Each structure stands twice: as C-alpha cells, then as structure tokens.
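> Next input, structure requested:
(chains A, B, C and D)
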2 protein chains.
Amino acid sequence: MLVHQQKDIPTLIKDTGLVETRRRQIVQAAVDLFIQKGFHKTTTREIASRANFSIGTLYEYIQSKEDILYLVCEFIHSEMEKQVKEAIKPADTGRDTLKNAIDRYLRVCDRMQDHILLIYRETASLPGDSISYVLKNEARITGMFEDILTRGKDDGTLKLRHHRGITLIAHNIAVLGHMWTFRRWFLKKAFTLDEYIELQTSLILNELSSHNGAGPP
Amino acid sequence: MLVHQQKDIPTLIKDTGLVETRRRQIVQAAVDLFIQKGFHKTTTREIASRANFSIGTLYEYIQSKEDILYLVCEFIHSEMEKQVKEAIKPADTGRDTLKNAIDRYLRVCDRMQDHILLIYRETASLPGDSISYVLKNEARITGMFEDILTRGKDDGTLKLRHHRGITLIAHNIAVLGHMWTFRRWFLKKAFTLDEYIELQTSLILNELSSHNGAGPP
DNA sequence: CCTCACTGATTGAGCGCTCGTTCATAATAG
DNA sequence: CTATTATGAACGAGCGCTCAATCAGTGAGG
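Numbers count the residues shown, from 1 in each chain, chains lettered A, B, ... in the order given. Here you go, the predicted model:
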C-alpha cells in the first residue's frame, strides 16, 4: 500500500496527529540521509534511529521503504511551491511578478540544491503509480510560471512572439533553477548566484519585450 | 581499482582486443538493464547472463560493479560527442554552425533520452574519484557550444550583449537537450520534436541577433 | 597422426554479509 | 486492567564477489 492512497490507518487515535508528527520526523530524517547517501544505500534502520525510534515503530507509520521516498518527494515539492508562492503579489503587473518570481524561485533552488538533485536521482525508484503524483507536483510549479506569463500577456507588460511560447518559456524558467543545482560545479566557477539570476532574467525578459528582433538575413 | 586507472591487466593476450571486446559486451548489456531497472536493482549476474557469459568471466574484465557504471557513462558521453561533432563543419559561419549543431544535438538527445536520464540518475552512484571524469565528459559537450559561439562572435554572425554570455548560453543549450528528455511527459504533450527544435532555436538566435532590445521601463 | 602437457579463458556453486520486514513481547497511558 | 504504542531479535531472501574446477586451443615429441 502506498502512502498517497490514504486508506488503512490502523486505529482512530493514530489519525489525531500522531501519524502526522511521526511522518514529519521520518521525512526529516530521511531527507538528510537520502541526500547524503542516496535512497538505496540508506537503510530503514538508519532512518529510524535518526528519527529517534526503532525500526518497529518506523513500520507502524509506513508500509514500505518506498513510502518514505514518496513522502520525501511530496515534502520537497510542497516546500518549494510554498516558498515561491510568497513572491507572487496579485497587485503587481505580470512583468514585475515574473521578475520577482524568477528571483525567488532561483534563490529557493539555490537553497534547496540537494533536495532538487535528490528528486532527479530518486524519482525513478518510486513505485510506478506514485511517479505520476510526483510529476504532477512538478507540473504545478511550472504552472505557476505559466499563470504569471499569461497575466503579463493579458495586461500587456509581456509580449510573446509565438502563441505557444507561454508553455515553453515556463518550462525553460523551471529548468533554469534546476540547472543551477545540477551544473553548480561548472556554473559557480563562472557566476555568483546574483549574477546568474541577473543574466538569466535578462535573457528571459529580453525575449518578452516588444521588439520584433529579426537578426541578419 | 577503477577502470579508468588502467593498470593491472593480468596477461598480455588480454590486451590484444579481448578485453575491449568483452567490455563492449558488458557495456551493451549493462546499458539496457540500467535503463530498464536502474543500477542498484540490476544484479551482476543479470549483466553477465545478458552478455552471454558467467559472473566469473564478468569479474575477469572488471573489478567491481561500479566499474561497469563508469564504463557505461563513458560510453554514453563519447557516443553523444561523436554524433554532435559530425554536424560541425569548419567552413560554415558561426551562426550556421550553431543552428546545425543545436539541431543535431537536440535530435541526438531525443534518440538517447533514456541514456541521458540514466546519467542523471546514476552519476551519484559512481565512486567519488570517477565522478569528476564523468563531469569532464559533460563539460566537453558544453565546450563544443562555447567554441561555436566564440566562432560566431569572431566572424560577426553572432552578437553577445554580455561578455560572459558565451558560457551561460552554451550551458543553456546543453540543458535544452536534457530538458527535452526529462520533461518529455510534459513537453511531448505540447510539441513535436521539430517544433521544439524550431522554437528553442529561435529563442537562442533571437538573443544572439543584433538588436539592443530594451523593453519598456 | 596421435598424445599429452601446458596455458589462459570460463564456469557456477558457495561464502559472507546486508537489508527490508515481521511479530512476540514490553512499556506506557488512561 | 485494557488499549495503544514502542521495541529489537529473528527471519529469509538476495546480493557482490571469489575460487577451485573445467574446458578448449596449441604445439612439441614421438
């Protein structure tokens, strides 16, 4: 049984907060260990002992090791989404919102480098039916950028040369953040985070400005 | 002992091609299995039997399971580099070369989707001192784009607004290809490969054209 | 042409160990 | 005392890797 298919929690009492508390402890312990050693090389015993209880107890709150991985992925995505959302103010223009959101997003990615790598590495180890849940979480983050781009298009502060540009650029932005984490060994040699944000933002905004920039023939 | 530190091949005969043949067989078998089940869930016995020999023989040609992963990563990168290089003609302008190279690169990424994902997932499982070898292979591919951009800057067919734009854009291009593979579930809903190539190429070339496109204030 | 010792390549049963998971038992709370 | 939660020894399947035994090819001696 998988965690995201909330079904058979053994007792009623368990539903009054203890399950959630314990699962939070499990996730916290597991995130650290998975980042450090990867999912496969981390043992359930290690997770339990870092969460300060025994394997027996661990298995009261999950059904399998893979459940832990699912909880971890869920946690990371929801954490990222929450933090980026804070930078979105409905009062701003689309263009300003985009600038702020990109800035916040890239800083969140920088702070959560290891978490992002973790998701890239271990998503494939999830049981088949959990993978689509995790992909949907990823899609929600891209969706936030799509929404902002749409707003900018509607209020006239952002121009699009191609009608399907919104989807593509939203994905491009989402990937910029990941790129900063999985190419950090290269990129940090050449750029500080602030420089990276400034340059990439300028590339994006340049594309979304009102030129009809046609190059030489 | 690691494979990339060529040292103690037991006999002379082994060096006359048999080692290379066997290793090619090992890599071929391992690539398939790693793509299908991942590195950790693939057993050495499976690799041996798919390569049509026994575990004993397998261990005559490698020192550890991780050696196989190293050989696989090396193979994938060299295969990609080789194929992209074919699209680079020294006679063309920088701009034309860039167009051709992006086209070829994205098509190679499309063909080698699973291989690219494999590298993202399993690089972390390499022994620490092998990781840097694999990163260097990745850097060589980005380096090809840097060279092309430099050529275009020198022959005047490509314009750069920022002096460090070459490095950044080269990385951006390299990541475009990977993005097509690890976001295929989203992107293939919206774009065909040809559309994706066309749109992304147009974004890149637009940036490298001779406008000084400054948007609204 | 046969024999047989020699060599390097191949085999796969088996070793030692780890890990995910379970469950009888103990501790604790109400 | 009862109900709930926690424990960790025990289980058994599976793994990477080894190595004594075997096979197949070669060529010198008769």
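
> in chain A, which helix or strand is least confident?
Within chain A, no helix or strand scores below helix A:18-37, which has a mean of 92 by mean pLDDT, DSSP states H and E.

> which parts of it are buried?
Within helix A:18-37, the residues scored as buried using 16 or more other CB atoms under 10 Å in any protein chain shown are A:V19, A:R22, A:R23, A:Q25, A:I26, A:V27, A:A29, A:A30, A:V31, A:L33, A:F34, A:I35. Just so you know, the C-beta spots here come from the backbone N, C-alpha and C atoms, and that holds for glycine as well.

> now A:S132: how far from DNA strand C?
According to CB to the nearest atom of the strand, to the nearest Å, A:S132 stands 21 Å off from DNA strand C.

> now A:R95
48 Å.

> how about the helices in chain A?
In chain A, the segments counted as helices under DSSP state H are A:18-37, A:44-50, A:55-61, A:65-85, A:94-111, A:113-122, A:128-155, A:165-182, A:184-190, A:193-207.

> With respect to B:D129, which of those helices lies nearest?
Proximity to B:D129 (CB to CB) singles out helix A:184-190 among those, at 14.6 Å.

> Chain neighbours aside, what residue packs nearest to A:F75?
Distances taken as CB to CB, 6 or more residues apart in numbering or on different chains place A:V27 nearest to A:F75, at 5.0 Å, with adjacent residues excluded.

> Show me what residue of chain A gets nearest to DNA strand D.
Nearest residue of chain A to DNA strand D, counting by CB to the nearest atom of the strand: A:G56, 2.0 Å away.

> burial of that residue, as a residue count?
8 (other CB atoms under 10 Å in any protein chain shown).

> show me which of the buried residues of helix A:18-37 neighbour DNA strand D.
By CB under 7 Å from any atom of the strand, the members of those lying near DNA strand D are A:R22.

> Turn the buried residues of helix A:18-37 into JSON lines, columns for distance to B:A174.
Shown next, in JSON lines, are these (distance: CB to CB, whole Å):
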{"residue": "A:V19", "distance to B:A174": "44"}
{"residue": "A:R22", "distance to B:A174": "43"}
{"residue": "A:R23", "distance to B:A174": "38"}
{"residue": "A:Q25", "distance to B:A174": "40"}
{"residue": "A:I26", "distance to B:A174": "37"}
{"residue": "A:V27", "distance to B:A174": "33"}
{"residue": "A:A29", "distance to B:A174": "35"}
{"residue": "A:A30", "distance to B:A174": "32"}
{"residue": "A:V31", "distance to B:A174": "29"}
{"residue": "A:L33", "distance to B:A174": "31"}
{"residue": "A:F34", "distance to B:A174": "27"}
{"residue": "A:I35", "distance to B:A174": "25"}
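
> For the residue of chain A closest to DNA strand D, give its distance to A:N137.
When CB to CB, to the nearest Å is the yardstick, A:G56 and A:N137 sit 31 Å from each other.

> A:H162 too?
In terms of CB to CB, A:H162 sits 27 Å off from A:N137.

> And the pLDDT at the residue nearest the centre of chain A?
When CA atoms, centre = their mean is applied to chain A, the residue found nearest the centroid is A:H77 (4.0 Å). Note on A:H77: pLDDT of 98.

> Surely it and A:Y133 touch.
No - using CB atoms under 8 Å as the test, A:H77 is too far from A:Y133 to be in contact (9.6 Å).

> What residues does chain A have near DNA strand C?
Contacts of chain A with DNA strand C, taken as CB under 7 Å from any atom of the strand, map to A:K41, A:T42, A:T43, A:T44, A:R45, A:I55, A:G56, A:Y59, A:S64, A:K65, A:E66.

> Go through those residues and give me the one with the most neighbours.
Ranking the residues of chain A next to DNA strand C using other CB under 10 Å puts A:T42 first, with 21 neighbours.

> so that residue makes contact with A:F34?
Yes - at 5.8 Å, A:T42 counts as touching A:F34 under the criterion of CB under 8 Å.

> Run a quick neighbour tally on A:D194.
Using other CB under 10 Å: A:D194 sits among 11 other residues.

> ditto for A:L58
Residues near A:L58, counting by other CB under 10 Å: 22.

> dump the residue contacts of it.
A:I26, A:T44, A:I47, A:A48, A:A51 (CB atoms under 8 Å, 6 or more residues apart in numbering or on different chains).
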